[in-house]
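> here is a sequence together with a model predicted from it:
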Amino acid sequence: MLLAIDVGNTQSHLGLFNGSDLVEHWRFATQVEATADELAVRVSTLLALRGLETGAVDGSIVSSVVPQLTPEYFGMSERYLNGDCLVVGPGVKTGMAIQLENPRELGADRLANAVAAYDRLGGPCAAADFGTAITFDVVSEGGEYLGGIIGPGVEISMEALAQRTAKLPPIELGEPPSEASSVIGRSTHQSLLSGITYGFAGAIDAIARRIRRELGDETQFVATGGHAAAIVPFCELIDEIDDLLTLTGLRLIWEQNQ
């Protein structure tokens, strides 16, 4: 079985694949100072919840945007798991040409998203990831990675608003309460929910429209990431949400390298 590991700034997402089938997946908070041994304890505990041991894993693939944790996950895989460990980065086969001025700048998770989006939708297409940052990763009709868009994430924006204003409280993101589908909030809490939800939905649609102007009306979009479920239902141009998009992309990259 393949263990796919996506290490994000806020959360890490692990998926266990048996061939192309996802057996189980887990999310937990990213701890930057975790050691290889500590990561092994966490992984072995998660596997045990499924009645599995680390010996059941015969290969692993890691995408990481946290440089301190990349060698720790590699060390954990080398020491405690069977088979090879592939770290997504320069020199790894993806089946996708990268049309960037400096391909080394491309985050491994974003590359995995692009690979999975193209496999799912064909081209032209784009993956929108609602993580610590909101990113779009755009793929041409021929399957080339063209580039992307990076903006502040939903949670960062909510935290900044609460910290910089004396009378606006922190909020939990959810569907904005409305009367007859009104965008107008009747309380401070409702106003904040409405502003964050509809504001980000409008920004996402604006970016998606500009991408379509460049690539054509047939361009399709898929969303992933922790806040996608709260924002995408209010978007006009993005219909699909795939919480497992990055893990799927890692599996596809692994298969390219076997």
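Received the coordinates, thanks.

> and the helix-or-strand element of the chain with minimal mean pLDDT, what does it pack onto?
The helix or strand of the chain with the lowest confidence, counting by mean pLDDT, DSSP states H and E, is helix 154-164 at a mean of 80. Under the contact criterion of 3 or more Cβ pairs under 8 Å, 6 or more residues apart in numbering; DSSP states H and E, helix 154-164 touches helix 188-215. Every residue, glycine included, has its C-beta placed from N, CA and C.

> now the helices: where do they sit in the chain?
Ranges of helices within the chain are 36-49, 70-80, 108-121, 154-164, 188-215, 228-231, 245-256, based on DSSP state H.

> helices or strands up against the third one?
Helices and strands in packing contact with helix 108-121 are listed as strand 59-64, strand 125-130, strand 133-139, strand 145-152, strand 220-224, helix 245-256; criterion 3+ Cβ pairs under 8 Å, 6+ apart.

> and the second one, average pLDDT?
Confidence over strand 125-130 (mean pLDDT, whole number) is 96.

> and for the fifth one?
Mean pLDDT, taken over the full extent of strand 220-224, equals 97.

> which other helices and strands does it contact?
On a contact count with 3+ Cβ pairs under 8 Å, 6+ apart, strand 220-224 meets helix 108-121, strand 125-130, strand 240-241, helix 245-256.

> any chance of the ones you listed in a markdown table, plus distance to Gly226 and mean neighbour count?
Compiled in a markdown table, these are given as follows (distance: least, Cβ to Cβ, whole Å; neighbours: other Cβ atoms under 10 Å):
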| stretch | distance to Gly226 | mean neighbour count |
| --- | --- | --- |
| helix 108-121 | 13 | 25 |
| strand 125-130 | 6 | 28 |
| strand 240-241 | 11 | 17 |
| helix 245-256 | 11 | 24 |
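
> just so I know, which of these lies nearest Val41?
When those are compared by Cβ to Cβ, helix 245-256 sits nearest Val41, at 21.6 Å.
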